[in-house]
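[1] task: produce atomic coordinates for the following.
(chains A and B)
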Amino acid sequence: MEGVLHQVLSGIASGSIYASVALALVMIYQATHHVNFAQGEMATFSTYIALTLINFGIPYWIAFVLTVAVSFVIGMAIERVLMRPMMDAPVLSSVGVFVGLLLIVNACSGWFFDYTIKQFPTPFGNNPMWGGYISGHELGATGVTLVVLLAVYLFFRHTKLGLGMRAAAYNPVSARLVGINVGGMLALGWGLAAGIGAIAGMMIAPVVFLDPNMMGGILLYAFAGALLGGIDNPLGAVLGGFAVGVIENLGGAYIVGTELKLTLALVIIVAVVVVKPSGLLGRSVQSRV
Amino acid sequence: MQNERAMHGATGVKEPLSGGASFASPVSDVVAAESEATPFLPPGDSGSPADLETTARGSLGRGVWVIAAAVVVAAAVPALFFNGYHLFQLTMMVIYAIAILGLALLTGFNGQISLGHGAFYAIGAYTTAILMANWDVPYWATLPVAAVSCGIVGFLIGLPALRLGGLYLALTTFSLSVAIPQLLKYKLVSDWTGGVQGLVLDKPDAPFGLPMSGDQWLYLFTLGVGVVLFILAWNIVHGRVGRAMMAIRDHALAAEAMGINISMLKTRTFAVSAMFTGVAGALSAIAVQFVAPDSFGIFVSIFLFVGLVVGGVASIGGTILGALFVQFVPNLADSVSKAAPGAVYGALLIAVMFLMPEGAGGLILSLWRRVRR
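    I've put the predicted structure just below:
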């Protein structure tokens, strides 16, 4: 029983990372109906920026804020330069551009920061807490991501800008008619997604160590989480992310073994897509033919 | 999609496609419905009907056949002059061309985006490697087995793929290719697959005492398989089945209304596509003489996708250009930096999407048409 509790708690800890990345994916999907295959690589790149800043001697939390800000700007720039012309392009073109972006960002990570595996510092320490059920870093990282998720929720629910972004994603034409800068909102959404991804990267890097392909598996879990919760529902994606974290840990410990954890994510994805493509909380899309 | 399928259940009657002038008898319609069993058309035949569009394609077709023959002859020449590593690179290029051709059948001609063809490449390679290493099966005899096993897996994956729209399919196949190395390492199968260490194979020698090295023979053998598969793909695409595949890609509902059995054709296209890529994987295992789980990661799938897009998604000749690109650009870029190939791939992928969505093959084809006008 204690083992199960331990697995569930560390499942929630890793689930919080998946939830953040899933949220970043959903934010972009909601607004543009594109799935950002490069989300993980962008987060890795941001984490490298953070490590560089920390190595310059900048205190952790200042580096944290700076990294989020830089990632925000990079995200907005990518939307402006690459994604704007792809707004109404066929699916194949957008997939192609995203895969291209993935390759470029991955190559940049390796080029600028080399391919060796690096340690990433944690501000929370690694002492076991709560009678050894969870490490200090896991607890701290879960706390940070929960704060981020709460902040994003409050931003979308209770600010005018958040309302504008929701409107732009929900119905671009009407939003434009009432004077919302839809293009600006899309860029802002990309910036936010990149910032959230950066936080997720900085929180997972002390656990899995930093290398250019760090986020490959995590992106897969985030996909699974986003699909499980409903890819057009931010709350669903967050819950889905946590659920995938717990399923992954329990399944890895008791059912399939740790070697097949990624396959578990694949099974979740296929199962959701086949049984209930709209996810648990998503809207099912009906199209007129 | 739901409605389309429901409607299909009600129709059920198979009508020949309009414009299918190449098939005169109703018998050949029945045969053509059996997907891979497309009757082989002699090259000149498509030019005979008076239909304007068909004749235009026929004259283009003859030109293409001449070029194709020239390419094959030119491609066989290096076997005489090169040896060792350079010939190995050419062998790998032919192998990539076959793999990309499989992807083109699915993504380019049928509109199902796959970011997971590395999985079929891996299955093909492992089928051959397991047969050769564990049961001493001769290398040539493993190819049909690899083709069949990949075809079956492809068909099975094609079934859930029926329910997935473009983006979801891309996502699912993407996850498949991320997960495949882990599956290959799994302890239940590691007795056969060799686990993390992989399997080492012997290089085949030239048969019948032919006076050539193993590398030369392997290159010619690969080229021969490639030529057969390219002719097969050309006939699939330019026959009735190919038109039905493209009709599904361009307008699924209209295709359904014309009596095309969408789910059957889509799953079979998936199977054939997986077969092509699987044979390429099998050939790669023979050429590299080594398989290991980590050489079949997500990047194989991505490179195949890059080759497809750069060559032109719906272009059979373009797959050769794509293979040239995938094989030789990393070698050139590698001398700059370890990261350079990825950066070049990515930049070119985006550039192609923005500047020439039909890829290099499409570009050359449109120039060719302009020259002939």
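[2] looks to me like residue A:179 is in a strand.
    No. Using DSSP: H, G, I helix; E, B strand; the rest coil, the assignment for residue A:179 is coil, not a strand.
[3] of all of the stretch 51-200 of chain B, which residue lies closest to chain A?
    As assessed by Cβ to the nearest Cβ, chain A sits closest to residue B:166 within the stretch 51-200 of chain B, at 3.7 Å. C-betas here are computed from N, CA, C, even on glycine.
[4] number of nearby residues for that residue?
    For residue B:166, the count of nearby residues is 16 (other Cβ atoms under 10 Å in any protein chain shown).
[5] can you check residue B:145 too?
    Number of residues near residue B:145 (other Cβ under 10 Å) recorded here: 17.
[6] give me the pLDDT value at the residue lying closest to it once chain neighbours are set aside.
    Once flanking residues are discounted, residue B:145 sits nearest to residue B:127: 5.8 Å by Cβ to Cβ, 6 or more residues apart in numbering or on different chains. We have a pLDDT of 88 for residue B:127.
[7] wait, doesn't residue B:127 sit right on residue B:152?
    No. In this structure, residue B:127 is not within contact of residue B:152 by Cβ atoms under 8 Å, at 10.9 Å.
[8] next, count neighbours for residue B:347.
    15.
[9] what about it, distance to residue A:105?
    Counting by Cβ to Cβ, to the nearest Å, the gap from residue B:347 to residue A:105 is 11 Å.
[10] quick one: contacts for the closest residue in space to residue A:212 that isn't next to it in sequence?
    Closest residue to residue A:212 apart from its sequence neighbours, by Cβ to Cβ, 6+ apart: residue A:109 at 4.0 Å. Residue A:109 is in contact with A:41, A:44-45, A:48, A:212, counting by Cβ atoms under 8 Å, 6 or more residues apart in numbering or on different chains.
[11] widest-spaced pair of the residues you listed?
    Greatest spatial distance in these: A:41 and A:48, 10.7 Å, computed using Cβ to Cβ.
[12] more neighbours, the two?
    The neighbour comparison of residue A:41 against residue A:48 (other Cβ under 10 Å) goes to residue A:41, with 28 against 24.
[13] let's see which of the contacts of residue A:109 end up in helices.
    Filtering the contacts of residue A:109 for membership in helices, criterion DSSP state H, returns A:41, A:44-45, A:48.
[14] which of these sits closest to chain B?
    Taking the ones in helices among the contacts of residue A:109 together and measuring to chain B by Cβ to the nearest Cβ, the closest member is residue A:41, at 9.9 Å.
[15] could you measure the closest one against residue B:297, distance?
    Residue A:41 sits 14 Å away from residue B:297, going by Cβ to Cβ.
[16] residue A:149 too?
    Counting by Cβ to Cβ, the gap from residue A:149 to residue B:297 is 31 Å.
[17] count of neighbours near residue B:351?
    Neighbours of residue B:351 using other Cβ under 10 Å come to 12.
[18] quick check: residue A:262 touching residue A:217?
    Yes. Using Cβ under 8 Å, residue A:262 is in contact with residue A:217, at 5.6 Å.
[19] between those two, who's got more neighbours?
    Legend: neighbour count by other Cβ under 10 Å for residue A:262 and residue A:217, higher for residue A:262 (22 against 18).
[20] hmm, who's touching the helix or strand where residue B:369 lies?
    Residue B:369 belongs to helix B:359-372 when assigned by DSSP states H and E. Helix B:359-372 is contacted from outside by B:59-60, B:63, B:308-319, B:321-322, B:325, B:352, B:356, B:358, using Cβ under 8 Å, 6+ apart.
[21] mean confidence score for it?
    76.
[22] low pLDDT regions in the chain?
    With no chain named, the answer covers chain A. Within chain A, the stretches with pLDDT under 70 are A:1, A:126-133, A:282-289.
[23] wait, I meant chain B there
    Within chain B, the stretches with pLDDT under 70 are B:1-62, B:79-80, B:82, B:165, B:187-188, B:190, B:206, B:209-211, B:333-337, B:373.
[24] pull out the buried positions in the longest helix seen in chain B.
    When chain B is parsed with DSSP H, its longest helix is helix B:262-288. Neighbour-count burial for helix B:262-288 flags B:262-263, B:265-288 (criterion: 16 or more other Cβ atoms under 10 Å in any protein chain shown).
[25] again, but for stretch A:250-259
    Using 16+ other Cβ under 10 Å as the test for burial, stretch A:250-259 gives A:251-253.
[26] now the end-to-end length of that stretch.
    End-to-end distance for stretch A:250-259: 13 Å, by Cα to Cα, to the nearest Å.
[27] ok, is it in contact with chain B or not?
    Yes. Contact of stretch A:250-259 with chain B (Cβ under 8 Å from any Cβ of the partner chain) involves A:257, A:259.
[28] check the offset of that stretch from the chain's centre.
    In this view, stretch A:250-259 has its centroid 24 Å away from the chain centroid, taken as Cα atoms, centre = their mean, to the nearest Å.
[29] what of stretch B:286-296?
    Its chain's C-alpha centre and that of stretch B:286-296 lie 19 Å apart, by Cα atoms, centre = their mean.
[30] restrict it to CA atoms and write it as PDB.
    Output in PDB follows, covering the C-alpha atoms of stretch B:286-296 (Å, rounded to 0.1, in the frame of the first residue of the first chain):
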ATOM      1  CA  ILE B 286      21.500  -6.600 -45.200                       C
ATOM      2  CA  ALA B 287      23.600  -3.600 -46.300                       C
ATOM      3  CA  VAL B 288      24.500  -2.300 -42.900                       C
ATOM      4  CA  GLN B 289      24.900  -5.900 -41.500                       C
ATOM      5  CA  PHE B 290      23.700  -4.700 -38.100                       C
ATOM      6  CA  VAL B 291      20.500  -3.800 -36.400                       C
ATOM      7  CA  ALA B 292      20.100  -2.200 -33.000                       C
ATOM      8  CA  PRO B 293      17.000  -0.600 -31.400                       C
ATOM      9  CA  ASP B 294      18.500   2.900 -31.100                       C
ATOM     10  CA  SER B 295      19.200   3.200 -34.800                       C
ATOM     11  CA  PHE B 296      15.400   3.100 -35.400                       C
END
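[31] list of residues touching that stretch?
    B:88, B:91-92, B:95, B:118-119, B:121-122, B:125-126, B:128-129, B:132, B:139, B:142, B:180-182, B:184-185, B:193-204, B:218, B:222, B:285.
[32] so which of the residues you listed reach chain A?
    Okay, of the contacts of stretch B:286-296 touching chain A (Cβ under 8 Å from any Cβ), that's B:182, B:185.
[33] now, of the contacts of stretch B:286-296, which are buried?
    By neighbour count, with 16+ other Cβ under 10 Å, those hold B:88, B:91-92, B:95, B:118-119, B:121-122, B:125-126, B:128-129, B:132, B:139, B:142, B:180-182, B:184-185, B:193-195, B:198-199, B:201, B:204, B:218, B:222, B:285 as buried.
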